[in-house]
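**Student:** Build me a model:
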Amino acid sequence: MSIKYLASRCGLLAALAIGLAGFVASPAMAKGKVIVMKFHHDLPKDSAQHVAALKFKAAVEARTGGEIEVRIFPSNALGNDVEATQQMQLGAIQGGLIPTAKLSSFVPAMQLIDLPFLFPSPKVAHGVLDGPAGKKLLKTLDKVGLKGLTFWESGFKQFTCDHPVKSPADFKGYKVRVMQSPIIIDQFKALGANPVPIAFTETYNALQQKVVNCEENPLVSITKMKFYEVQSNVIISNHAYLAYAFVLSKRWYDSLSDKNKKIIRDAAVEFTPFERAETARREAGYLKTIKASGAKISRLTPDQLKAFQVATRSVHDKFADKIGRGLLDEFYREINKYSK
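**Tutor:** Numbers count the residues shown, from 1 in each chain. Okay, here's the model as predicted:
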């Protein structure tokens, strides 16, 4: 056996060893290695988001044969929404549900959904967000290290206050808790209020101690966080829509096999209608809970709603350039189409 032959054989074996070592070292490819997907959201276990997330978990784990394990962390267990988003950019958290308002500091276009009186109904909101305009908006997340898959929701937002509200003038001079979102801050400035950004988990105490007089949230948050205990009036206004972007760490997503990427994408989209329907189904129960507490529930009349629409229309114009006029116009066209 020649030295040249032995050298060639040794070289081949060395190359194979290096290749195999690289194969085993890859966390997304290692045989028998479970890929952990830490999944964040800000609501408690007894919420539509969590119930739907459990269905997503079961589907992904079954369809990947256990190759991916989804670990759900509700109630901001991994940090608040902004912190969780930052961790997703780094790949330390792999996925989660983030309110679009909280994503505005990462991608200004994402605050489009939070414009006051943008969607006239859930049906229109769902049609637009599931269509080309919604997909284009999700695509804007790619440039900041995130992968947007679909939109889940908490539903339409309502006002709660320590006094009755029937017109924009009833907000004048009052302090209102808001999310850290330029659009939401300006929405209440347009009503003559003093918006105060306060963390979601600190809102109850802020209302109880009269640091602020009012806040806005969907019924699920008003009920689960028991804001009705420290607010005498819940005003059904449906003035804005609270969408949750179903997002992944792009770094983590790109490391997955094409098969697993598709499984995750398909599962997120598959359970979107369920999550929305579950949100709507629970709202009747939330209203009963609020009413039983002694808090007063009122509904704005069409004329009263019109006054709020007129008062906040300037917010659309102010943020058009920051959002992107082309994208905003596309949303307006889609809204008109689904409203017919």
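
**Student:** Tell me where the model's unsure across the protein.
**Tutor:** 1-32 (pLDDT under 70).

**Student:** Spell out the residue ranges of the helices in it.
**Tutor:** 3-25, 48-63, 81-90, 122-130, 132-139, 182-190, 203-208, 219-224, 250-255, 258-270, 272-292, 302-323, 325-339 (DSSP state H).

**Student:** Using JSON lines, please lay out the ones you listed together with distance to residue 115 and mean neighbour count.
**Tutor:** C-beta here means a position set from N, CA and C on the backbone, and glycine is covered the same way. Shown next, in JSON lines, are these (distance: least, C-beta to C-beta, whole Å; neighbours: other C-beta atoms under 10 Å):
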{"stretch": "helix 3-25", "distance to residue 115": "47", "mean neighbour count": "10"}
{"stretch": "helix 48-63", "distance to residue 115": "22", "mean neighbour count": "19"}
{"stretch": "helix 81-90", "distance to residue 115": "19", "mean neighbour count": "19"}
{"stretch": "helix 122-130", "distance to residue 115": "12", "mean neighbour count": "19"}
{"stretch": "helix 132-139", "distance to residue 115": "12", "mean neighbour count": "18"}
{"stretch": "helix 182-190", "distance to residue 115": "6", "mean neighbour count": "21"}
{"stretch": "helix 203-208", "distance to residue 115": "22", "mean neighbour count": "17"}
{"stretch": "helix 219-224", "distance to residue 115": "19", "mean neighbour count": "23"}
{"stretch": "helix 250-255", "distance to residue 115": "26", "mean neighbour count": "18"}
{"stretch": "helix 258-270", "distance to residue 115": "24", "mean neighbour count": "16"}
{"stretch": "helix 272-292", "distance to residue 115": "20", "mean neighbour count": "16"}
{"stretch": "helix 302-323", "distance to residue 115": "6", "mean neighbour count": "15"}
{"stretch": "helix 325-339", "distance to residue 115": "8", "mean neighbour count": "15"}
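
**Student:** These: which one's closest to residue 166?
**Tutor:** Nearest to residue 166, of all the helices of the chain, is helix 302-323, at 5.8 Å by C-beta to C-beta.

**Student:** what's the closest one in contact with?
**Tutor:** For helix 302-323, contacts defined as C-beta atoms under 8 Å, 6 or more residues apart in numbering pick out 108-109, 111-112, 115-118, 166-168, 182-183, 186-187, 190-191, 237, 239, 300, 328.

**Student:** same thing but 6 Å
**Tutor:** The contact list for helix 302-323 (C-beta atoms under 6 Å, 6 or more residues apart in numbering) reads 108-109, 112, 115-117, 166-168, 183, 186-187, 190-191, 328.

**Student:** of these, closest to residue 229?
**Tutor:** residue 166 (22.9 Å).

**Student:** Next, count neighbours for the closest residue in space to residue 106 that isn't next to it in sequence.
**Tutor:** Excluding the flanking residues, the one nearest residue 106 by C-beta to C-beta, 6 or more residues apart in numbering is residue 144, at 4.8 Å. Using other C-beta atoms under 10 Å, residue 144 has 15 other residues around it.

**Student:** Please report how far residue 144 lies from residue 252.
**Tutor:** Distance, residue 144 to residue 252, using C-beta to C-beta, to the nearest Å: 14 Å.

**Student:** what's the spacing between the closest residue to residue 155 other than its chain neighbours and residue 129?
**Tutor:** Distances taken as C-beta to C-beta, 6+ apart place residue 218 nearest to residue 155, at 4.3 Å, with adjacent residues excluded. Residue 218 sits 16 Å away from residue 129, going by C-beta to C-beta.

**Student:** mind giving me JSON lines with the helices of the chain and columns for distance to residue 231?
**Tutor:** Shown next, in JSON lines, are those (distance: least, C-beta to C-beta, whole Å):
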{"stretch": "helix 3-25", "distance to residue 231": "55"}
{"stretch": "helix 48-63", "distance to residue 231": "22"}
{"stretch": "helix 81-90", "distance to residue 231": "23"}
{"stretch": "helix 122-130", "distance to residue 231": "24"}
{"stretch": "helix 132-139", "distance to residue 231": "32"}
{"stretch": "helix 182-190", "distance to residue 231": "16"}
{"stretch": "helix 203-208", "distance to residue 231": "6"}
{"stretch": "helix 219-224", "distance to residue 231": "8"}
{"stretch": "helix 250-255", "distance to residue 231": "39"}
{"stretch": "helix 258-270", "distance to residue 231": "34"}
{"stretch": "helix 272-292", "distance to residue 231": "9"}
{"stretch": "helix 302-323", "distance to residue 231": "19"}
{"stretch": "helix 325-339", "distance to residue 231": "31"}
